[in-house]
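>>> Below: sequence and its predicted model.
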Amino acid sequence: MALLEIKNVHAAVDGKEILKGLNLKLEVGKVNALMGPNGSGKSTLANVLMGHPKYVVTAGKIFFNGEDITSLPPDERARKGLFLSFQYPSEIPGVTISNFLRTAMNAQTKEKIALPAFKKLLEEKMALLKMDKKFLGRYLNDGFSGGEKKRAEILQLLVLNPMLAVLDETDSGLDIDALRAVADGVNTFLAKDRGVLIITHYKRILEHIKPDRLFIMIDGKVVLEGKGELVDQLEEKGYGWIQEE
């Protein structure tokens, strides 16, 4: 069954069309990777999926779990199980990570999570990501390094446990240790009833999180798809050979 299906989507930002008839289908239980040159529309796609109001869908449909979510606001998409790890996470002074995550969890369900259970869950997930417990008292992304911001994003992923995680260049700016910790977190999240879409420029994260399917995006469209091994061809030839064909 398709976890996510995008049908002939056109989308514009400030009146400029970026997505130009994009089609994409993601199956449940699979790791999917999306690659493409700068300016091809990858981050636009991520924002369109989450319903960012700046990104206007002018044609086409987006289906999540068989339901048309094209017109739903971001909070409803999140409650249905969509999650976006931002390329550039926002800093929110005055809001601690702990309070942010507990509020987000309680917004998902009618029953509020008890504080002891919440603390236990956080400690388990932070241990996996090799994060110091003192992290919880810090304001969300305020003064964080690039690696700290990305670990905080994956902590949110593990705590909120969505159905589909869209990771927009989560590997950007990570050192080797941080990359491995993030990859371990994503691999722990994966399950038969879950899915991942990794948007990246680089092969290195795909060496830690093996994709079942790789999609190549150029000029607002998915122009090629194949198995994970396709990334080796990209590493060797770049995108020129695809554009030529």
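Perfect, thanks for sending it. Residues are numbered from 1 along each chain as shown.
>>> Might you list the low-confidence residue ranges for this structure?
Applying pLDDT under 70 to the chain flags the ranges 243-245.
>>> And the helices in it, which stretches?
For the chain, the helices defined by DSSP state H occupy 42-50, 74-79, 97-108, 115-128, 146-160, 176-189, 230-237, 240-244.
>>> The longest one to helix 115-128, inter-axis angle?
Here helix 146-160 runs at 130 degrees with respect to helix 115-128, directions being taken by axes from the mean of the first three to the mean of the last three Cα atoms, to 10 degrees.
>>> wait, what's in contact with residue 198?
31-34, 167, 170, 186, 205-206, 209, 211 (Cβ atoms under 8 Å, 6 or more residues apart in numbering). Yep, even glycine has a C-beta here, placed from its N, CA and C like the rest.
>>> re earlier: any chance of TSV for the helices of the chain, columns mean neighbour count and distance to residue 1?
Below are those laid out as TSV (neighbours: other Cβ atoms under 10 Å; distance: least, Cβ to Cβ, whole Å):
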stretch	mean neighbour count	distance to residue 1
helix 42-50	22	18
helix 74-79	15	19
helix 97-108	16	22
helix 115-128	14	28
helix 146-160	21	22
helix 176-189	18	19
helix 230-237	14	24
helix 240-244	11	29
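>>> show me the contacts for the closest residue to residue 22 other than its chain neighbours.
Leaving out its chain neighbours, the residue that sits closest to residue 22 by Cβ to Cβ, 6 or more residues apart in numbering is residue 9, at 4.8 Å. Going by Cβ under 8 Å, 6+ apart, residue 9 touches 19, 21-23, 48, 57, 59-62.
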